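A.B. asks: Prediction below, plus the sequence it came from.
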Amino acid sequence: MSVPTKQDVDFMSNLRKVMNGEKSSKPTKLTETTEQGGTSPIDVTSGVKRSDIDAMSKIMKGFEQATSNVAAKVKTTISESTKTEKGVNVGAFSVEKNDEDRYDIIDSRSDSVLFEDIQLYESVCCIAKHLNEGKPINSSEISDIIKLNDSFERHYTGAIQHKHSYQVAKRSKNGGRMDIAQARFSESKNSASHAKRKITELYEDIIL
């Protein structure tokens with residue numbers, strides 16, 4: 001399965017730590033593709049301003065709000081689920097939060113991790129439901145969910161990167177780069193929202 005890179009996960013983790021007033025880990029630098037096809041660095045550590053963090057926080061809260069609203073229904077709609085210290089058991093499988101505040105799916109019978117570092121709660125619940133129905137991990141149903149989830153996470157991370165690029169360009173009063181960053185941000189956000197809606201629809205069809 002294709003998942004965000006370790007660099008992407010560290011990037012998101014550092015942002016959450018800064019927004020929560022915690023000390024971030026070692027400096028992380030990402031790059032964005034320029035209009036000419038090259039790359040330019042995106043500094044997301046000590047140089048990040050409070051305005052950048054606030055802007056990124058609004059993006060993440062906007063996406064996570066819908067996830068929380070739907071996930072709140074799980075306890076009363078999945079009869080075979082049982083709450084645990086780290087997450088919830090869904091039949092023979094366990095959905096647990098890891099140290100990066102993301103979700104892993106574990107086969108409770110063998111204690112083996114089948115899927116890891118998935119951001120959306122709806123995605124892991126859908127996968128766990130299919131696994132309990134006996135579908136293999138490479139089934140078309142599970143593969144479709146994984147593809148949608150990967151699309152969401154890729155565009156979600158892109159939206160945050162482009163928003164940061166916009167803030168940097170704004171401080172340097174670079175109108176051209178501001179326009180490019182804003183356009184890329186809007187495109188990434190719309191694509192992430194589209195993928196998120198599709199996952200939510202699958203979740204409601206399968207679970208609710």
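C.D. replies: Ah, there it is.
A.B. asks: looking at it, residue 162 is touching residue 188, isn't it?
C.D. replies: Yes. Between residue 162 and residue 188 there is a contact at 5.9 Å, judged by Cβ atoms under 8 Å. Where C-beta positions appear, they are placed from N, C-alpha and C, glycine not excepted.
A.B. asks: Just give the nearest non-adjacent residue to residue 169, would you?
C.D. replies: Once flanking residues are discounted, residue 169 sits nearest to residue 177: 3.8 Å by Cβ to Cβ, 6 or more residues apart in numbering.
A.B. asks: Also residue 118?
C.D. replies: Closest residue to residue 118 apart from its sequence neighbours, by Cβ to Cβ, 6+ apart: residue 103 at 4.8 Å.
A.B. asks: so where's this structure shaky on pLDDT?
C.D. replies: Flagging of the chain using pLDDT under 70 yields the residue ranges 1-82, 85, 207-208.
A.B. asks: Now do the strands in it.
C.D. replies: 29-33, 39-43, 81-83, 87-90, 93-97, 103-107, 112-118 (DSSP state E).
A.B. asks: quick one on the thing from earlier: thinking the residue nearest to residue 118 is in contact with residue 122, fair?
C.D. replies: No. Residue 103 lies out of contact with residue 122 (Cβ under 8 Å); the separation is 10.1 Å.
A.B. asks: okay, these two: which has more neighbours?
C.D. replies: Shown here are residue 103 and residue 122; by other Cβ atoms under 10 Å, residue 122 has more neighbours (26 against 22).
A.B. asks: From residue 153, how far out is the more buried one?
C.D. replies: Residue 122 is 13 Å from residue 153, where distance means Cβ to Cβ, to the nearest Å.
A.B. asks: Leaving out chain neighbours, which residue sits closest to residue 84?
C.D. replies: Distances taken as Cβ to Cβ, 6+ apart put residue 94 closest to residue 84, at 6.6 Å, once the chain neighbours are dropped.
A.B. asks: count of residues packed around the one you found?
C.D. replies: A count of neighbours around residue 94, defined by other Cβ under 10 Å, yields 22.
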